[in-house]
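J.: give the three-dimensional model of this entry:
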Amino acid sequence: MTFNLHSDLKRDGIEMGDFTLCQVLLINDSHYPWFVLVPKRSSISDTIDLSGKDYAALWEESRVFSQAIMTAFSGEKLNVAALGNMTPQLHIHHIVRFKSDAAWPGPIWGKHPLTPYVDREISVIKAKLKGANIDGFSVS
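T.: Residues are numbered from 1 along each chain as shown. Now for the predicted structure:
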């Protein structure tokens, strides 16, 4: 089967780049540096649906990406979550948090409507990711 991104992720995400296993999207909400890693596998809704090799690769890519974004954005806390209650395709949220952010200290979901990025802000984020020299990650 061919990998297709779920329509919710297409609508809310901006392609940032790729690891070997995962596509990385920036969620189009300028309140937070909020990314999702989406394994490029068909018909996967939970981490337990991945092969052992892909499961290990997912968490290694997550670890590497997490370290890089915390440094690049000078985060105070990192939230990592896989919910999928609304969007069934497996995707792992990586949200850099700050005590000054719009939802602190609570969860971000449902707190504020999405506030889209402007093109210049997206370019800055891509530049931060490029500058982070993330092992195994190629920026789009």
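J.: so how far is residue 14 from residue 119?
T.: For residue 119, the distance to residue 14 equals 10 Å [Cβ to Cβ, to the nearest Å]. Yep, even glycine has a C-beta here, placed from its N, CA and C like the rest.
J.: quick one, which of these two is more surrounded?
T.: Taking other Cβ atoms under 10 Å, residue 119 and residue 14 do not tie; residue 14 has more neighbours (16 against 7).
J.: ok, how many other residues are close to the residue lying closest to the more buried one once chain neighbours are set aside?
T.: Nearest residue to residue 14, sequence neighbours excluded (Cβ to Cβ, 6 or more residues apart in numbering): residue 26, at 4.5 Å. Residue 26 has 22 neighbours, counted by other Cβ under 10 Å.
J.: elements contacting the helix or strand harbouring residue 26?
T.: Per DSSP states H and E: residue 26 is located in strand 22-27. Under the contact criterion of 3 or more Cβ pairs under 8 Å, 6 or more residues apart in numbering; DSSP states H and E, strand 22-27 touches helix 7-12, strand 13-18, strand 34-39, helix 52-72.
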